[in-house]
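Enquirer: the amino acid sequence is not available; the structure is as follows:
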């Protein structure tokens, strides 16, 4: 009995000493209700303020962007090499122009753009009645490839640009009429490489839409022996490119427009 009283006294003394020590440190041992909730939900605590992402910062690289849209153009081209299909047959010759329509798209990095394009020209068609027979001829082209461009903003709404379109172009020539014999029609398509260096300006009426006006020269060449009808050459000279103006309507994120 006496030994039990001694152990009880010793325990109370240790408890008293420990309580005084804790009180002397002044620690706050209160349990916060929100801490308890966090522990009940799996022990995850809210991140400290210093670890939070700064407000208003865009995690995406501000120098990167993208674009896409449509374009329409007007190309001055000498189509007199096709006179064998028109004037020589007694029908009106082709007008010396073609109208390309197409689309383009790609990525933007700072002042540089990389992407692709594709286009087709509106078919040019000429027709007339000769000796009671309907005779006609037509030409159309199409192509596509890579787009490389330097585009610099002078302010948030206006800038200048220079670039080039590189790729391939196909030219289709066709003729119809009784003078051709057989099934009274002929057509053939030939392809070659093309390049269109250009320069221009752009204007952005709103942040995610801008308009480009460009001008350049379309280089391509088809030899006069490329197209043949019954082993007879159709072209009266090489068919080559010409000056071209484009109107581009583009949408996207342009890092040059703040």
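Expert: Structure's in. What do you need? Just so it is clear, the model here is predicted, and its values are computed rather than measured. Numbering: from 1, shown residues only.

Enquirer: need the distance between the two termini of stretch 98-115.
Expert: 24 Å (CA to CA, to the nearest Å).

Enquirer: same question, stretch 86-99
Expert: Using CA to CA, first and last residues of stretch 86-99 are 20 Å apart.

Enquirer: for the stretch 51-200 of the chain, what spans make up the strands?
Expert: In the stretch 51-200 of the chain, the strands defined using DSSP state E, counting those that start in this stretch lie at 64-76, 97-98, 100-109, 112-121, 124-130, 133-155, 158-176, 185-206.

Enquirer: in TSV: those strands, plus mean pLDDT and distance to residue 219.
Expert: To be clear about C-beta, it is placed using only N, CA and C from the backbone, and glycine gets the same treatment. Below are the strands of the stretch 51-200 of the chain laid out as TSV (pLDDT from 0 to 100; distance: least, CB to CB, whole Å):
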stretch	mean pLDDT	distance to residue 219
strand 64-76	96	12
strand 97-98	96	15
strand 100-109	97	14
strand 112-121	97	15
strand 124-130	90	20
strand 133-155	94	12
strand 158-176	96	10
strand 185-206	95	5
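
Enquirer: out of those strands, which is closest to residue 242?
Expert: strand 64-76 (4.6 Å; CB to CB).

Enquirer: run the angle between the closest one and strand 133-155 for me.
Expert: 140 degrees (axes from the mean of the first three to the mean of the last three CA atoms, to 10 degrees).

Enquirer: what's strand 64-76 packed up against?
Expert: strand 97-98, strand 100-109, strand 112-121, strand 243-253 (3 or more CB pairs under 8 Å, 6 or more residues apart in numbering; DSSP states H and E).

Enquirer: and the residue nearest in space to the middle of the chain, what does it touch?
Expert: Residue closest to the mean C-alpha point of the chain, counted by CA atoms, centre = their mean, is residue 105 at 1.4 Å. By CB atoms under 8 Å, 6 or more residues apart in numbering, the residues touching residue 105 are 66, 67, 68, 69, 115, 116, 117.
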